[in-house]
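K.L.:
what would the 3D arrangement of this be:
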Amino acid sequence: MPEPGDQTEAELEKTRRVVAEHMAQQIATNAGVLEDVADDVGADEPAGSLDDMTKAELLELATEAEIEGRYAMNKAELVEALEGTTR
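P.N.:
This is a model prediction of the structure:
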């Protein structure tokens, strides 16, 4: 296994993207479980405004909209990308 200093910048960036995507998928999965629990206890639906949604909720919408690079985006970038799909 190569030492961390042996990786090229491109390899590091690829690793960062893979890790970010995995983490975002876990967050989205956890958000789905929390939504299911909230539904079970009668909680309200999430707000309609993209700005009011959590990053996990935005990722879920971005997944449905098939937005490329969504797992590497921050919340503001997800909102911008999702707003672009409705124009």
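
K.L.:
when you work out contacts or count neighbours from here on, use the C-alpha atoms and nothing else.
P.N.:
OK.

K.L.:
can you map out the helices along this structure?
P.N.:
Per DSSP state H, the chain carries helices over the ranges 9-40, 55-64, 75-85.

K.L.:
for residue 58, what are its contacts?
P.N.:
By Cα atoms under 8 Å, 6 or more residues apart in numbering, the contact list for residue 58 reads 50, 75, 78, 79.

K.L.:
tell me which of those is nearest to residue 20?
P.N.:
Ranked by distance to residue 20 (Cα to Cα), the contacts of residue 58 are led by residue 75 at 13.2 Å.

K.L.:
tally of neighbours for that closest one?
P.N.:
By the criterion of other Cα atoms under 10 Å, residue 75 has 19 neighbours.

K.L.:
sorry, back to before: point out the most buried one among the helices of the chain.
P.N.:
Of all the helices of the chain, helix 55-64 has the most neighbours on average by mean count of other Cα atoms under 10 Å, namely a mean of 19.

K.L.:
and the angle from it to helix 9-40?
P.N.:
110 degrees (axes from the mean of the first three to the mean of the last three Cα atoms, to 10 degrees).

K.L.:
and helix 55-64, how far from the chain's centre?
P.N.:
6 Å (Cα atoms, centre = their mean, to the nearest Å).

K.L.:
pLDDT averaged over it - what is it?
P.N.:
For helix 55-64, mean pLDDT is 91.

K.L.:
low-confidence stretches in this protein?
P.N.:
1-5, 33-34, 36-48, 86-87 (pLDDT under 70).

K.L.:
tell me which residue is most central in it.
P.N.:
residue 59 (3.5 Å; Cα atoms, centre = their mean).

K.L.:
thought residue 70 was touching that residue, still the case?
P.N.:
Yes: using Cα atoms under 8 Å, residue 59 makes contact with residue 70 at a distance of 6.8 Å.

K.L.:
anything in contact with each of those two?
P.N.:
Overlap of the contact sets of residue 59 and residue 70 (by Cα under 8 Å, 6+ apart) consists of residue 78.

K.L.:
and the contacts of residue 58 as CSV, adding distance to residue 30?
P.N.:
Below are those laid out as CSV (distance: Cα to Cα, whole Å):
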residue, distance to residue 30
50, 19
75, 17
78, 18
79, 20
